[in-house]
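Undergrad: Need a 3D model of the following:
(one chain, ligands or ions: 2)
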Amino acid sequence: MATNFNNGDSLFNFVVKDGNGVKGLVDLGLTEVPCRYIQPPHHRINNQQVAGSLENVTIDLSELDGPNHDQVVRSIVHASETLGFFQVVNHAPSLISIDPLPLKLVALAISFSITLKLLDSLKLAAHEFFGQPAEKKAVYLNGVSPSPLVKYGTSFVPYIEKVLEWKDYISMTYTNDADAHEFWPNDLTEVVLEYIKTSSEMVQKLLQTLIGNLGVKVDDSRFHELTGRTLVNMNFYPPCPNPDLTVGVGRHSDAGMLTVLLQDGIGGLYVKKGECADSPGDDEVWIEIPPVHGALVINIGDALQILSNGRYISAEHRVRTTDIESRVSVPIFNAPLPEAKIGPFAEVVARDGVARYKEVTFEEYTKSYLKKTLDGKKSLEFASVI
Ligand SMILES: O=C(O)CCC(=O)C(=O)O
Ligand SMILES: [Fe+2]
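TA: Ligands and ions are numbered 1, 2, ... in the order given. Below is the predicted model of the structure:
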């Protein structure tokens, strides 16, 4: 079929409106990406900017309740205050040896009860879901999906993006098990529910530790308000004929409190070192979060950066594409409830002498976040006061 996807609306209709996604494009056997996918140079992922090493810190989260409590807290806090990213593994790590470079990424061996079998099942389920014919996935497109709890789509906000991302996704909001069984895609429900349930204790402990370390006490109801929204995405990045020109996900930070992310063995997740997001250029340094079998990636989101008055870093990150094979990732976004008020904790402001953010509801924050195309940490400007 001689479809000219560089003209008019045909590409947009095919990929976005009809729900064929990037997967549908790749199945047509394209040898070059259509212009709509070509990123401007400062958004492309340049290998020269990549540097990093993995510092192995072995911590058992159960030790939080034991004599090593302070040391465990220090490691979690250190990672959250510096890079805003770390990895957790549930077995003693003989992790990765990368030549020592000046930048350190902390890998914590935090015990969690998620089995390797479950992590493998999640990846398999994602491949199977996206491997289906477009019409099976298109029933979950925005506007036709049987429930607002489920959304299938491509790119981030394709209706306003000039350049599209090389990614399809399905997004599932958790309210309760009954809704999940009724509305989520049948083949994903059990495995995703299990993923949420087995990770929730770890998420709660990490968040309690991080909030407690700020000298802040929150009661159960405020904690629930700050962490009660759970959204799971399955991301699918088909192989791309021009990985140097495209991105899987553009530079962004996550909006919520804390993200737990399962990635497969392909690699390509990069985190920006340092906070100077305003000057994209060649001097930026990005660290790849290396795939580790059995590990989960943890990162801080904007809401926690705001609540901590900037102490914890919601790191800018992005995903490159590859021409080798499809990549999948499965993030759980743990976020505040829409009506939750998000502003720096009073105790922290009193200590810092200044509030770096104003108070907004999380609903206002997400509306502003979703109105913008992914462009680093610009979303945080909505709540910034200085
Ligand atoms: O695919 C990945 O590794 C990261 C995806 C991501 O950053 C996101 O979905 O917010
Ligand atoms: Fe992200």
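
Undergrad: And the helices in the stretch 1-150 of the chain?
TA: Taking DSSP state H, counting those that start in this stretch as the criterion, the stretch 1-150 of the chain carries its helices at 10-12, 21-27, 69-82, 116-130, 134-138.

Undergrad: check contacts around the closest residue to residue 311 other than its chain neighbours.
TA: Setting aside the residues directly before and after it, residue 311 is nearest to residue 81 in space (CB to CB, 6 or more residues apart in numbering), at 6.1 Å. The C-beta positions use only the backbone N, C-alpha and C, and glycine is treated the same way. By CB atoms under 8 Å, 6 or more residues apart in numbering, the contact list for residue 81 reads 311-313.

Undergrad: low-scoring pLDDT stretches of the stretch 1-150 of the chain, where are they?
TA: Along the stretch 1-150 of the chain, the parts satisfying pLDDT under 70 run over 1-4, 6-8, 47-62, 64, 90-112.

Undergrad: And ligand 1, is stretch 378-386 touching that?
TA: No. Using CB under 6 Å from any ligand atom, we find that stretch 378-386 stays clear of ligand 1, coming within 12.1 Å at best.

Undergrad: Check which residues of that stretch are buried.
TA: Taking 16 or more other CB atoms under 10 Å as the neighbour-count basis, stretch 378-386 is seen to contain the buried residues 378-380, 382-383.

Undergrad: how far out from the middle of the chain is it?
TA: 20 Å (CA atoms, centre = their mean, to the nearest Å).

Undergrad: that older thread, just the helices of the stretch 1-150 of the chain: most buried one?
TA: Among the helices of the stretch 1-150 of the chain, ranked by average contacts under mean count of other CB atoms under 10 Å, first place goes to helix 21-27 (a mean of 21).

Undergrad: ok so, going back, near ligand 1 too, which of the contacts of residue 81?
TA: Counting by CB under 6 Å from any ligand atom, no member of these reaches ligand 1.

Undergrad: Quick check on those: which are buried?
TA: When burial is judged by neighbour count using 16+ other CB under 10 Å, the buried members of those are 311-313.

Undergrad: Which one of the residues you listed is nearest to ligand 1?
TA: Of all the buried ones among the contacts of residue 81, the one sitting nearest ligand 1 is residue 313; the distance, using CB to the nearest ligand atom, is 14.9 Å.

Undergrad: what about that closest one, which helix or strand?
TA: In this assignment (DSSP states H and E), residue 313 forms part of neither any helix nor any strand.

Undergrad: now the strands: where do they sit in the stretch 151-300 of the chain?
TA: For the stretch 151-300 of the chain, the strands defined by DSSP state E, counting those that start in this stretch cover 168-174, 229-237, 249-252, 258-263, 269-273, 285-288, 295-300.

Undergrad: Is any residue of the helix or strand that comes right after the last one near ligand 1?
TA: Next in sequence after strand 295-300, counting helices and strands by DSSP H and E, comes helix 302-307. No. Contact of helix 302-307 with ligand 1 (CB under 6 Å from any ligand atom) is absent, the minimum separation being 11.6 Å.

Undergrad: Give me the distance between helix 302-307 and the centre of its chain.
TA: Here helix 302-307 shows a centroid-to-chain-centroid distance of 15 Å under the convention CA atoms, centre = their mean.

Undergrad: how about the residues of the chain near ligand 1?
TA: So far as CB under 6 Å from any ligand atom goes, the chain lies against ligand 1 at 233, 235, 249, 254, 261, 263, 269, 317, 319, 329, 331.

Undergrad: Contacts only, for the residue nearest to residue 125 when sequence neighbours are not counted.
TA: Leaving out its chain neighbours, the residue that sits closest to residue 125 by CB to CB, 6+ apart is residue 191, at 5.0 Å. The contact partners of residue 191, by CB under 8 Å, 6+ apart, come to 118, 121-122, 125.

Undergrad: what about 10 Å?
TA: If a contact means CB atoms under 10 Å, 6 or more residues apart in numbering, then residue 191 has 118-119, 121-126, 330 as its contacts.
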